[in-house]
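In: give the three-dimensional model of this entry:
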Amino acid sequence: MPKYTYRCTECKGYTIVYHSFNKVLSECELCESASLQRLPSAFVLENNKDDEQKAGAIVKEFIEDAKEQLAEQKEELTRGWNDD
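Out: From the prediction side, this is the model:
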């Protein structure tokens, strides 16, 4: 699941949560006000000096890893539904 950072405009606190792309939080966990603002997310690509890959190869590897993680999560959810 994607990681999102929220900032409360009331208490100025920050909250980091994992949730689906479509979900948006509105209530602050710290002060319980309904004034959360989702902040833009950023990611960092690290390139080891020993492994001089092109950016495209790094992105492709990241996408493949994400696909594997999604497949594992889907399998876990499917098992949960079948267990009931």
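
In: let me see the domain layout of the chain.
Out: 1-40, 52-84 (automatic domain parsing).

In: okay, those in a markdown table with mean neighbour count next?
Out: Quick note: C-beta positions are derived from backbone N, CA and C, even for glycine. Formatted as a markdown table, the domains of the chain follow (neighbours: other C-beta atoms under 10 Å):
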| stretch | mean neighbour count |
| --- | --- |
| domain 1-40 | 12 |
| domain 52-84 | 10 |
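
In: out of those, which gets the lowest mean score?
Out: Sorting those by mean pLDDT places domain 52-84 lowest, at a mean of 82.

In: all strands for the chain, in order.
Out: 3-8, 14-18, 36-38 (DSSP state E).

In: which one, of those, ends up nearest to K60?
Out: K60 lies closest to strand 3-8 among those, at 21.4 Å (C-beta to C-beta).

In: elements contacting the closest one?
Out: strand 14-18, strand 36-38 (3 or more C-beta pairs under 8 Å, 6 or more residues apart in numbering; DSSP states H and E).
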